[in-house]
Every structure is written in C-alpha cells, then in structure tokens.
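Trainee: would you be able to build a 3D model of this:
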Amino acid sequence: MAFAPDLRVFASGRNFAAWLGLVPRQRSTGGKSRLGGVSKMGQADIRKLLIVGAMSRIRWIIRRGVLPDNWLGQVLGRKPRMVAAVALANKMARTIWAMMTRQENYRMA
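Mentor: As a prediction, this is how the structure comes out:
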C-alpha cells in the first residue's frame, strides 16, 4: 500500500497490472492490435515482489515433478519458466486489485 495509490483509481485489474509493468506492450494501428514484450515500465518494487513470489510457486511445482492440470500447469507446459512467472504475477496483480477494490478476503476455489 505504501508504493501504490488507492487501487480504486484504476478502472480494471488490467490497468493496475499495466501500471506495474506486467502486461505486453501494445502497438496498434488501423484497428489491428499487436502485442509485444512486457514493457517493464511502472512500479518496479511491487512488480519484482510479485515475480519473485510467482517464481517460488513455480519452483515448488517443478520440484514436485508433477505439472498440475490447472492453468499454471498448462502455461508451464508450453512456455519458459520466466514467461510463466510473469503471467502468474500478472494474474496475481489482477486478483489483488479485485480483492482490494471489493474489500474481500481471499477465497480458495
């Protein structure tokens, strides 16, 4: 909370993740959207913490030797570990935005 403004300022979780620098850079012209690499522009401190947390989760899954059948397991099956970590950090940022704006606690699915 010390590094980020009030999360209700952001219209969506994607806007919050973009502010952190966790979404692909968009280059669009003529209505055709082209996504590039992750921009890394934004709040570096929070972004690094989210990516470190995502990497620890991925290392834990890989040490177990079994990829789960959920979303993260599918991403790890087709993408490099660091790309999967940034994708998981992006998902965690959007979840944090939703929990903080709705003032809810985390619920296990």
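
Trainee: how far is stretch 97-109 from where the chain is centred?
Mentor: How far stretch 97-109 lies from its chain's middle: 15 Å, per Cα atoms, centre = their mean, to the nearest Å.

Trainee: and the helices in the protein?
Mentor: Using DSSP state H, the helices of the chain run over 13-20, 44-64, 71-78, 81-102.

Trainee: how about those helices in JSON lines, adding mean pLDDT?
Mentor: Shown next, in JSON lines, are the helices of the chain (pLDDT from 0 to 100):
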{"stretch": "helix 13-20", "mean pLDDT": "86"}
{"stretch": "helix 44-64", "mean pLDDT": "90"}
{"stretch": "helix 71-78", "mean pLDDT": "89"}
{"stretch": "helix 81-102", "mean pLDDT": "90"}
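
Trainee: closest one to Asp6 among those?
Mentor: Among these, helix 81-102 comes nearest to Asp6, with 8.9 Å by Cβ to Cβ. Bear in mind the C-beta positions are built from the backbone N, C-alpha and C, glycine included.

Trainee: follow-up on the earlier one: most tightly surrounded among the helices of the chain?
Mentor: helix 13-20 (a mean of 21; mean count of other Cβ atoms under 10 Å).

Trainee: against which helices or strands is it packed?
Mentor: Packing partners of helix 13-20 (3 or more Cβ pairs under 8 Å, 6 or more residues apart in numbering; DSSP states H and E): helix 44-64, helix 81-102.

Trainee: before we move on, the earlier item: in a markdown table: the helices of the chain, plus distance to Pro5.
Mentor: Below are the helices of the chain laid out as a markdown table (distance: least, Cβ to Cβ, whole Å):
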| stretch | distance to Pro5 |
| --- | --- |
| helix 13-20 | 9 |
| helix 44-64 | 12 |
| helix 71-78 | 29 |
| helix 81-102 | 11 |
